[in-house]
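**Q** The following block contains a protein sequence and its predicted model.
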Amino acid sequence: TSAALPRSKRTGRILAKRSRPGGPVTCVSFNDNGQGETSIFAARGPYLERSRTNDYGGTDRLLVFPNGGIIHGVRYATKEQATKWNAIVYGGKLLAFCDLAYSSPMQRIDIMQDDKTIPHLTLIDWIWDVKFIS
């Protein structure tokens, strides 16, 4: 019920935090594709922004955690490990699989869990780091 939600003392309206692109940078990551092309990633809350070395002024943005969250890290798979996704993006207790290939638009790969499609996994404990194991 809305009675449990915080209300503005001045207007009485329900207060809600909305997710918008922008804000402080919470993570920075670089990825070289081995062909002299480098992607520079900056996370701002649940959004991941990419600038590419051969793009003059062009950036693209991906909402990784649509239900809210803050990105704290990005780990890249090797070519041998990559299938539909090539990176893991994580923060707090959230973990998402993404395709961050240099030559294509960024996309989050949704996950099937209990016959439902979900945007990310929610783990039982905080994620401090991610390690790929072959």
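**A** Arrived safely, thanks for sending.

**Q** In space, not sequence, find me the middle residue of the chain.
**A** The residue lying closest to the centre of the chain (Cα atoms, centre = their mean) is Val64, at 3.4 Å.

**Q** Quick one: residues contacting it.
**A** 43, 46-48, 71, 89, 96, 98, 108, 119-120 (Cβ atoms under 8 Å, 6 or more residues apart in numbering). Glycine gets a C-beta too; all of them are placed from N, C-alpha and C.

**Q** Model confidence for it, exactly?
**A** Looking at Val64, its pLDDT stands at 94.

**Q** Next step: the contacts of Val64 restricted to strands.
**A** Under the assignment DSSP state E, these contribute 43, 47-48, 89, 96, 98, 108 to strands.

**Q** Return, as residue ranges, the portions of this protein with sub-threshold pLDDT.
**A** 1-8, 13-22, 55-58, 132-134 (pLDDT under 70).

**Q** try it again with 80
**A** The chain contains residues with pLDDT under 80 at 1-23, 33-36, 53-58, 78-84, 103, 127-134.

**Q** Which residue is the nearest non-sequential neighbour of Thr122?
**A** Once flanking residues are discounted, Thr122 sits nearest to Lys93: 5.6 Å by Cβ to Cβ, 6 or more residues apart in numbering.

**Q** Could you report the neighbour count for the one you found?
**A** With neighbours defined by other Cβ atoms under 10 Å, the count for Lys93 comes to 14.

**Q** wait, what's in contact with it?
**A** Taking Cβ under 8 Å, 6+ apart as the test, what Lys93 contacts is 122-127.

**Q** Roughly how far does it sit from Ser103?
**A** 32 Å (Cβ to Cβ, to the nearest Å).

**Q** Doesn't Arg10 lie inside a helix?
**A** No: counting by DSSP: H, G, I helix; E, B strand; the rest coil, Arg10 falls outside a helix, being coil.

**Q** Tell me who's in contact with it.
**A** Arg10 neighbours (Cβ under 8 Å, 6+ apart): none.
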